[in-house]
Each structure stands twice: as structure tokens, then as C-alpha cells.
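Enquirer: Let me see the structure of the following:
(one chain, ligands or ions: 1)
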Amino acid sequence: MTKFEELHKLKEEMEKDDTLPLKKGATKLVFGTGNTKAKILCIGEGPGHNEDKIGEPFVGQAGKLLDKLFPLAGLTRKEVFITNIVHHRPPENRDPEPHEIEAYRKYLDKIIKIIDPEVIITLGRFSMAKFLPNVFISSVHGKKYNVSWNGKNIVVVPMYHPAASLRNGNVMEAEKTDFVNLREILKKIQNDKQSLVNSEKNDKVEVEQMNLV
Ligand code: URA
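Expert: Here you go, the predicted structure:
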């Protein structure tokens, strides 16, 4: 099975799962979208009003900002895969509760396993805490962390949630700087990889878009 097929199968499984705690109050499952062969996986918090209606992550105001932040790092939305820590909208956009995060975890872990990213960009403190527990986002944002996750080394870069930037000008400035610096972090990872596989040609970013609506 291709990653695309595996993700579709997982999405169907998730849609049938009535035990998911936020399902009742939600309109649509927001599984994730983007390049199924991405080397970079972005993980947000949870769907908001617009995402719940459309079934895609980051399609509201925070998503519009994210679309402007990606180019600062030399990226476009099409190159990455984007998902969330919970995949149904929490009522009134409240924070997801620990038992809810736990209920969705098995699916998120499968998404991570299928995408098999080299870099995970966490957006906000809930997805950050999955990989970097007991830290403050104000101390770690924009930095590169080597994390061992299920036996694989992954680079995790915690970023502020774009919605936090929309609320606070200082956070916005920090987030823009972090995305500019992310370009260097990604370049260095790519260079290190090339020196390891020295004669191999640079992987062309393959784009197989998954628009799982
Ligand atoms: N905020 C998130 O964390 N995720 C979305 O999908 C939309 C807004």
C-alpha cells in the first residue's frame, strides 16, 4: 500500500470510531491534508469552526497566517502534511482535555508512523508537549530538538500556535523570526543528509496531495 492508501484507510477507520470523545459535537472529522510523501509534518491543536465545517486543518484565520509563515522558511503548504493533536472540534474551541488527547493519540501516532517525517513542526503547546513534556513554549520556541520517537530520530521544532500570534504582536514577531530561522535549520538537515549519502542525488520533493474532505 502507498502512504496515500494507508492514510485513506486510517481515515475511514477513524470515521467509524464512535468512541472518539469529541465526535458527537463535531460536524466533520479533520484528519489531515497535504503531501503524503512529506518529510515535514506539522501538528496543530484541534479544528476550529471553519475546519469543522470544511473537514480540513488550518483553513481559517490561523491557517491564512500559516500560509504566510511557510514561505519565510522556504516552504509551501503543498510540501508538508498537516494534522492536529485532536481531530474533532472541541466545543466552543476550548483546549483539548488530557483524556481527549489520549483518545486521539493512537490515530495521530499512526499518522506519524505512515508519514515517517524527518522533521515535525509543532504548532502550539499541546503538540509540543507530545514530544517535549515539561517545557515552556516561551523558552523553547523556534529551536531544534532531536527526539527519539518510537525508535526513530526525529527533529522537532516547536513553534507558537498561529492563533497566539494573531492575539499578540510580540508573539507574532517571535514567530516570524522562528520561521525565518527554520529555513536554516531545514537547510542544515538537508546538507547533513547529503553528506551521509554523498553520491545520491537530492531527493526531489514528491507531491502526492491528500485532500481528505
Ligand atoms: N488551529 C489548529 O490548531 N488546528 C486547526 O486545524 C485550525 C486551527
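Enquirer: Run through the residues of the protein sitting next to the ligand.
Expert: With Cβ under 6 Å from any ligand atom as the criterion, the chain meets the ligand at residues 30, 44-48, 51, 57-58, 62, 84, 124, 163. Yep, even glycine has a C-beta here, placed from its N, CA and C like the rest.
Enquirer: Please narrow these to those residing in helices.
Expert: Judged by DSSP state H, helices contain the following of those: 51, 62, 163.
Enquirer: tell me the pLDDT at the nearest residue to residue 144 once chain neighbours are set aside?
Expert: Residue nearest to residue 144 in three dimensions, not counting chain neighbours: residue 185, with 5.0 Å by Cβ to Cβ, 6 or more residues apart in numbering. Confidence at residue 185, expressed as pLDDT, is 97.
Enquirer: Right, and the ligand sits closest to which residue of the chain?
Expert: residue 44 (2.9 Å; Cβ to the nearest ligand atom).
Enquirer: residues contacting the nearest residue to residue 32 once chain neighbours are set aside?
Expert: Leaving aside its chain neighbours, residue 32 sits nearest to residue 83 (3.3 Å; criterion: Cβ to Cβ, 6+ apart). Residue 83 sits next to 31-32, 41-44, 57, 108, 111 when contact means Cβ atoms under 8 Å, 6 or more residues apart in numbering.
Enquirer: can you redo those residues as TSV with pLDDT and neighbour count?
Expert: Formatted as TSV, the contacts of residue 83 follow (pLDDT from 0 to 100; neighbours: other Cβ atoms under 10 Å):
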residue	pLDDT	neighbour count
31	98	23
32	98	26
41	98	24
42	98	27
43	98	26
44	98	29
57	98	29
108	98	19
111	98	22
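Enquirer: Closest one of these to residue 2?
Expert: residue 111 (14.7 Å; Cβ to Cβ).
Enquirer: Which secondary structure state does the closest one sit in?
Expert: helix (DSSP: H, G, I helix; E, B strand; the rest coil).
Enquirer: gap between the nearest residue to it once chain neighbours are set aside and residue 46?
Expert: Excluding the flanking residues, the one nearest residue 111 by Cβ to Cβ, 6+ apart is residue 83, at 5.5 Å. Distance of residue 83 to residue 46, given as Cβ to Cβ, to the nearest Å: 10 Å.
Enquirer: for residue 167, same thing?
Expert: Counting by Cβ to Cβ, the gap from residue 167 to residue 46 is 17 Å.
Enquirer: of the two, who's got more company?
Expert: Between residue 167 and residue 46, counted using other Cβ atoms under 10 Å, residue 46 has the larger neighbour count: 27 against 10.
Enquirer: The longest helix along the chain packs against which elements?
Expert: In the chain, assigned by DSSP H, the helix with the most residues is helix 169-196. In this structure, helix 169-196 makes packing contacts with helix 61-69, strand 119-123, strand 152-159, helix 162-167, judged by 3 or more Cβ pairs under 8 Å, 6 or more residues apart in numbering; DSSP states H and E.
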